[in-house]
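1. The sequence and its predicted three-dimensional model are supplied below.
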Amino acid sequence: MDKDMSILHRIIQSANIRQKVIASNIANADTPGYKAKEVSFGNILENKIKLLTTDSGHIKNQNQEGISAKITVTNDPSWGDRNNVLLNSEIAKMTENTLTYDAAVKLINSKMKMLKSAMSTR
Amino acid sequence: MDLFDVSASALEAQRMRMNTVASNMANAQSTRTESGGPYVKKDVSFSSVQINPGSSDGLTGVKVSAVVEDQKPPLVVYDPGHPDADENGNVSMPNINVMEEMVNMMMALRAYEANVKAFSMSKGMYQKALEIGRY
């Protein structure tokens, strides 16, 4: 669909990946030797569908932007059990992530509402 | 639904830890066991486990890799009237520090709560996603 939708789609995708990483960190808050993981995102251009054009008037292939997730292991100082997960900050990160996700869902919904009212007869 | 597997594995592991704490506290005075000798303090050892082996999605759960017995020697107390006292009147009591167990229990509880929180947040996210387009 349009640009807004693809941005929102990417926000939801990235929030989902981040949620997984944070959940893993919380689950392993007491595992000796576990190091907290972090995820960072970058843009990648992906070509999912190739559109064939035989005429200059045909719709051209558009590069769709996707996300690339990079999971890194943090190297922060750790306690005696060599575990460096900070439970409180992980919960805070998760709360923030959930709110981002909810906001994106809300925006998609209002976007769809707009499209629907544009399509309705009156 | 891998996200739930991560939190569920941690809940399971913390519950197991709570079980060992409960056993330790209940048997703080047990001088006789099936295997002979006083009760030996038990502890769990956690290890992280890949939810989807071979993939790089970062999903890491936790499992109890072993229930280990503490290597501390039993506490010897002088109590000649005790039925399990030896000829010198000494009794071998389990080397369990109830304070230590309480702290361990609190930590297990807090970790459990954190994972319940993570679980319900993930559930909320998926529920919100199901509401897309419904109003």
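-> Right, received. Where do you want to start?

2. wait, what's in contact with residue B:112?
-> By CB atoms under 8 Å, 6 or more residues apart in numbering or on different chains, residue B:112 lies in contact with B:11, B:14, B:15, B:18. Where C-beta positions appear, they are placed from N, C-alpha and C, glycine not excepted.

3. tell me which element residue B:64 falls in.
-> strand B:60-69 (DSSP states H and E).

4. okay, the contacts of residue B:112 in JSON lines with neighbour count, pLDDT and distance to chain A next?
-> As requested, the contacts of residue B:112 are exported to JSON lines (neighbours: other CB atoms under 10 Å in any protein chain shown; pLDDT from 0 to 100; distance: CB to the nearest CB, whole Å):
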{"residue": "B:11", "neighbour count": "18", "pLDDT": "95", "distance to chain A": "9"}
{"residue": "B:14", "neighbour count": "27", "pLDDT": "95", "distance to chain A": "8"}
{"residue": "B:15", "neighbour count": "12", "pLDDT": "95", "distance to chain A": "13"}
{"residue": "B:18", "neighbour count": "17", "pLDDT": "95", "distance to chain A": "12"}
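
5. mind listing which of those are in helices?
-> B:11, B:14, B:15, B:18 (DSSP state H).

6. my read is residue B:32 is in a strand, agree?
-> No - assigned with DSSP: H, G, I helix; E, B strand; the rest coil, residue B:32 falls outside any strand and is coil.

7. gap between the residue lying closest to it once chain neighbours are set aside and residue B:110?
-> Leaving out its chain neighbours, the residue that sits closest to residue B:32 by CB to CB, 6 or more residues apart in numbering or on different chains is residue B:84, at 6.1 Å. Residue B:84 sits 37 Å away from residue B:110, going by CB to CB, to the nearest Å.

8. what does residue B:35 give?
-> Per CB to CB, residue B:35 is found 33 Å from residue B:110.
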